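*Asks:* Quick one: sequence plus predicted model below, questions after.
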Amino acid sequence: MTQKHANAPVFTTLGIAPKLLEVLTHLKFTVPTPIQHQCIPAALEGKDIVGIAQTGTGKTLAFGVPMIQLLSRNKCQGLILLPTRELALQVNEVLQSIGRQLGLRTAVLIGGASSREQIQAIRRNPHIIVSTPGRLIDHLQQNNLSLINVKMIVLDEADRMFDIGFAPQIKQILNYAPKDRQTMMFSATMPGPIAEMANRYMRTPWRIEVAPSGTPAAQIEQEVFVIGKELRLQLLDKILSDNPGTVLLFSRTKHGAKKITMAVRGMGHSAVEIHSNRSLAQRKAALAGFKSGRFRVLVATDIAARGIDVTDIALVINFDLPDNPDDYVHRIGRTGRAGASGKAISFVGPEERRDVQQIERLIKKYIPVAPLPVLPPRRAQVFIPEPRSFGGQHSGGGRSFGRRPQYASRPSSGTGGYSRAPQRSRKKW
């Protein structure tokens, strides 16, 4: 059954228990987003749900509120599966913010964290288990955990979990869980394999779609610059100078992310990187520093496209286009969240015209080609060390964060710099 969009009422009309309403009011949640407005009443009725919504639309509360309310009433467990460690930690943070006063216990099961601490959390009989699929399978195979009391399962960012190869683990987990359960699946897109899984593992699910599949937020201004790789750092220098606010920048590779981060520091901006070569402690510290404003620029690979829940990101930059057009939607969805405006800029080579056309077909929108501005001179490569760790502790896998470094910024002299690029018209590639 497909639910139609309607004007969102206040939370008090959705059937939420009084104690939970008090917490939401205290946290200044008064008007639900469209996905919350439609999902919460249906979930409280015990319906299986397939929710199609962009990132930044409030999906965590859409399943978190009914899960906390139903679990407190039925004395059973809930399970939330997510594609990345960062997203698992952030979902747990939201759950704790609304459930802590009600005595909510959660266990976060992710890679890169202490198995011993996770086993201790499991033994405390948590109400909700928040996990990545691989780590949950590890605990199940080691008999650290049973799903016999799980009566609610949420698959969040389901398309991303399929993209990175978690489909076999998800099917295995669903087979472990009791058949008599409520299942909710949330995704920004609805590819065929996910529709097939919904038909196989869910009971006549309600399809709640608040935006067409693959649609980015309407309030995000998008543009592309056609530019070769050799000039992209100069264009980045110009864009960072001209656009205030926090910036999330995507690189296709881990090596590229490291190189870009060093270059951005050399431009005089505080920057930090996040990718799979970083330890969990480093990734958590990077996100915390970005959220607090300590770092203006976060340079990431696609591991962060769905794992970052940071409000007020002013600008998303695709230094490289993603390999998958769907990932473009998820990347730019980190700005323009919850009704705010945002901006997304992509650097593309002349040979990538077809890739842009694929993205335009997916989002059903033309992305204008912006004229190339006059570029600043190329900066000399100056090594800027990574800040030390918070509290002075080093974490594994390289340098960690802490003291703010002294930023160096030196344009190159002589003939070593690039010539200034001419203005380009806003027409052809």
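*Replies:* Done, it's in.
*Asks:* can you list the domains in this structure?
*Replies:* Domain segmentation of the chain under automatic domain parsing yields 2-209, 220-416.
*Asks:* need the least confident one among those, by mean pLDDT.
*Replies:* When these are compared on average pLDDT, domain 220-416 comes out lowest at a mean of 81.
*Asks:* Run the chain-centre distance for that domain.
*Replies:* 15 Å (CA atoms, centre = their mean, to the nearest Å).
*Asks:* Show me which positions of stretch 349-358 end up buried.
*Replies:* E352, D355, V356 (16 or more other CB atoms under 10 Å). Heads up, the C-betas are built off the backbone N, CA and C, glycines and all.
*Asks:* tell me the SS of the second one?
*Replies:* Remark: D355 carries the secondary structure label helix [criterion: DSSP: H, G, I helix; E, B strand; the rest coil].
*Asks:* nearest residue to it other than its sequence neighbours?
*Replies:* In this structure, D355 finds its nearest non-sequential neighbour in L321, 5.4 Å apart by CB to CB, 6 or more residues apart in numbering.
*Asks:* how near is that neighbour to I260?
*Replies:* Relative to I260, L321 is positioned 15 Å away (CB to CB, to the nearest Å).
*Asks:* repeat for I119
*Replies:* 39 Å.
*Asks:* neighbour count winner among the two?
*Replies:* More neighbours surround I260 than the other of I119 and I260, with 23 against 15 (other CB atoms under 10 Å).
*Asks:* Quick check: which element contains V272?
*Replies:* Per DSSP states H and E: V272 is located in strand 271-274.
*Asks:* Tell me the strands beside that strand, with direction?
*Replies:* strand 297-300 (parallel) (DSSP bridges).
*Asks:* Report the buried residues of the partner strand.
*Replies:* V297, L298, V299, A300.
*Asks:* The helix or strand following it - contacts with which helices or strands?
*Replies:* Sequence-wise, the next helix or strand downstream of strand 297-300 (DSSP H and E) is strand 313-318. On a contact count with 3 or more CB pairs under 8 Å, 6 or more residues apart in numbering; DSSP states H and E, strand 313-318 meets helix 232-242, strand 246-250, helix 325-332, strand 342-348.
*Asks:* Try it again at 7 Å.
*Replies:* strand 246-250, helix 325-332, strand 342-348 (3 or more CB pairs under 7 Å, 6 or more residues apart in numbering; DSSP states H and E).
*Asks:* right, and these - which one's nearest N144?
*Replies:* Closest approach to N144 among the helices and strands packed on strand 313-318 (CB to CB): helix 325-332, 32.0 Å.
*Asks:* In CSV, list the C-alpha atoms belonging to that closest one.
*Replies:* Provided in CSV are the C-alpha atoms of helix 325-332 (Å, rounded to 0.1, in the frame of the first residue of the first chain):
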residue,chain,number,x,y,z
PRO,A,325,25.3,7.7,-10.0
ASP,A,326,23.3,6.7,-6.9
ASP,A,327,26.2,7.7,-4.7
TYR,A,328,26.0,11.3,-6.2
VAL,A,329,22.6,11.6,-4.6
HIS,A,330,23.8,10.4,-1.2
ARG,A,331,26.9,12.6,-1.3
ILE,A,332,25.1,15.9,-2.0
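*Asks:* How about the strand or helix carrying K284, which residues are buried there?
*Replies:* Assigned by DSSP H and E, K284 falls within helix 280-292. If you call a residue buried by 16+ other CB under 10 Å, then helix 280-292 has these buried ones: L280, A281, Q282, R283, K284, A285, A286, L287, G289, F290, K291.
*Asks:* Could you do stretch 221-238 as well?
*Replies:* Within stretch 221-238, the residues that count as buried by 16+ other CB under 10 Å are 222, 224-227, 231-238.
*Asks:* Give me the contacts around the strand holding V272.
*Replies:* 257-258, 261, 264-265, 283, 286-287, 289-290, 295-300, 304, 401 (CB atoms under 7 Å, 6 or more residues apart in numbering).
*Asks:* before we move on, what about stretch 160-169?
*Replies:* In contact with stretch 160-169 (CB under 7 Å, 6+ apart) are residues L81, P83, P133, G134, I137, L155, I170, P193, I194, R306, N324.
*Asks:* let's see it at 10 Å
*Replies:* 55, 81-84, 87, 132-137, 140, 155, 157-158, 170, 172-173, 187-189, 191, 193-194, 197, 302-303, 305-307, 323-324, 326-327, 330 (CB atoms under 10 Å, 6 or more residues apart in numbering).
*Asks:* Buried members of these into ChimeraX, please.
*Replies:* Entered in ChimeraX, the line below selects the buried ones among these, by 16+ other CB under 10 Å:
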select :55,81,82,83,84,87,132,133,135,136,137,140,155,157,158,170,173,187,188,189,194,197,302,303,305,306,307,324,326,327,330
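*Asks:* got the end-to-end distance for stretch 182-202?
*Replies:* Start-to-end span of stretch 182-202 (CA to CA, to the nearest Å) is 8 Å.
*Asks:* next one: that stretch to chain centre, how far?
*Replies:* 19 Å.
*Asks:* With stretch 45-59 instead?
*Replies:* The answer for stretch 45-59 is 16 Å, by CA atoms, centre = their mean.
*Asks:* From start to finish, how long is it in a straight line?
*Replies:* Terminal-residue distance, stretch 45-59 (CA to CA): 18 Å.
*Asks:* now swap in stretch 205-225 and tell me
*Replies:* Start and end residues of stretch 205-225 are separated by 42 Å (CA to CA).
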